[in-house]
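Asker: Build me a model from this:
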Amino acid sequence: MNSAVQLYATTLLVYLAVNLIASWALDIQFGVTGVLNFGFILFQSAGAYTAALLSLGPARASGGFQQYIGGWQLPFPLPIVGAILVGAALGWLVGWVGLRRLRGDFQAVVLLVVSVVATLVVESVPGFLNGDAGLSLIPKPLSGVAGLTGVTYAWAYVGLCFLSCGLVAILVARLVHSPYGRVLRAVRENDALADAMGRSSTRARLQVFVLGGALAALSGALLVEFTTAWAPSGWLYPETFVYFTIVIIGGRASLPGVAVGAALIAVGIQQAVQLLPIGADATVLASLQWVVIGLLTLAFLWWRPQGLIPERVRRFGAPSPSTPLAAEKLSEGAGS
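Answerer: As a prediction, this is how the structure comes out:
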């Protein structure tokens, strides 16, 4: 396999891993807990900008063509760790404001507005994060370690991304299948009943908002360290609905289902559109991608809302007669 094919393959694999992490983050919020986070892309972008600022160094060292606040040239993995912390903090702040009093559609609209306002602020203030042009020439982590360059570095970065992806998968699986996961599903199904049982639905929503924000920021940090650039045009609100499409098509609250959805939508569909014999007009191809994604979302919502791999419903039967508690209950019933 020549270098060009390997670089293409590694790029697809990095994007797959990044989208898996982001999709699982949204699934914790939307699929498991029922939080409509229409501002999800904001948290991924916050992680990307944080990792960039912690890697670039001061603005004056970049030759003056970029303007941004701060700038610290920290060694790997501190930029990624910093991005996770910023994503969690932003999740707490936005969640504390938007989740305490609002529910359902009102909550979704507020989060969407927050995302749009954040984009406008970044675009309108060049000295904040370099405005429309965005940040570029972000140093690659580990590029000088053990002579990693070119294709070798790309495969090493794929390994880093899938290691992160595996750790996130373990975290999400343990969370979803734990007693706390049952609390989150109770909040999704009937938050008033969860409150009546002594489980604060507001606290649960805020907790998954913080966790989802941290994981989204991780995905953004891994992506920006690979692409070495980030601009407002890459995190407009439609990108949020790509992740919603992944969760809906794969299957809400289904870890393998969301993985299939990420591979199908974020990699498969977008690459398949590029191969269609409709010319090489980038505008037409980009528009067609959105059309296909939108049609797929509508089709699954109409004909298969449970997704390709539905959530596994756990049923708890009656206790076995051999257990002491069951035997006691049976004897009480026989005596009465």
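Asker: which residues sit in contact with the closest residue in space to Leu54 that isn't next to it in sequence?
Answerer: Of all residues not flanking Leu54 in the chain, Pro79 sits nearest, at 3.8 Å (C-beta to C-beta, 6 or more residues apart in numbering). All C-beta spots, glycine's among them, are computed from the backbone N, C-alpha and C. Shown in contact with Pro79 (C-beta atoms under 8 Å, 6 or more residues apart in numbering): Thr50, Ala51, Ala52, Leu54, Ser55, Pro141, Ala221, Glu225.
Asker: Would you reformat the residues you listed as CSV and include distance to Ala262 and neighbour count?
Answerer: Formatted as CSV, those follow (distance: C-beta to C-beta, whole Å; neighbours: other C-beta atoms under 10 Å):
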residue, distance to Ala262, neighbour count
Thr50, 23, 25
Ala51, 21, 33
Ala52, 24, 28
Leu54, 27, 24
Ser55, 26, 27
Pro141, 23, 23
Ala221, 18, 32
Glu225, 19, 27
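Asker: out of those, what pair is the most spread apart?
Answerer: Using C-beta to C-beta, those reach their maximum pairwise distance at Thr50 and Pro141, which is 13.9 Å.
Asker: what's the spacing between the residue nearest to Leu54 and Thr10?
Answerer: 21 Å (C-beta to C-beta, to the nearest Å).
Asker: Which elements pack onto the helix or strand containing Leu160?
Answerer: Using DSSP states H and E, Leu160 maps to helix 150-176. Secondary-structure packing of helix 150-176 (3 or more C-beta pairs under 8 Å, 6 or more residues apart in numbering; DSSP states H and E): helix 3-26, helix 201-227, helix 255-261.
Asker: closest to Leu236 out of the ones you listed?
Answerer: helix 201-227 (14.1 Å).
Asker: tell me how far the closest one is from the chain's mean position?
Answerer: Helix 201-227 has its C-alpha centroid displaced from the chain centroid by 6 Å (C-alpha atoms, centre = their mean, to the nearest Å).
Asker: Show me the contacts of Pro79 that map onto helices.
Answerer: Thr50, Ala51, Ala52, Leu54, Ser55, Ala221, Glu225 (DSSP state H).
Asker: Just the helices from the stretch 1-150 of the chain, written as ranges.
Answerer: Here the stretch 1-150 of the chain has its helices, by DSSP state H, counting those that start in this stretch, at 3-26, 40-56, 78-98, 104-124, 126-129, 150-176.
Asker: any idea which of those is most buried?
Answerer: Neighbour counts (mean count of other C-beta atoms under 10 Å) averaged over each of these peak at helix 40-56, with a mean of 28.
Asker: Excluding covalently adjacent residues, which one is nearest to Gly82?
Answerer: Leu54 (4.9 Å).
Asker: Tell me how many other residues surround Ala299.
Answerer: 11 (other C-beta atoms under 10 Å).
Asker: Ramachandran coordinates for it?
Answerer: Dihedral angles of Ala299 (phi, psi; degrees, to the nearest 10) stand at phi -60, psi -40.
Asker: Use 292 as the first number for this chain going forward.
Answerer: Right, with 292 as the first residue, what we last looked at is Ala590.
Asker: what's the spacing between it and Gln580?
Answerer: Ala590 is 16 Å from Gln580, by C-beta to C-beta.
Asker: again with Lys431
Answerer: Taken as C-beta to C-beta, the span from Lys431 to Gln580 is 28 Å.
Asker: likewise Val549?
Answerer: 20 Å.
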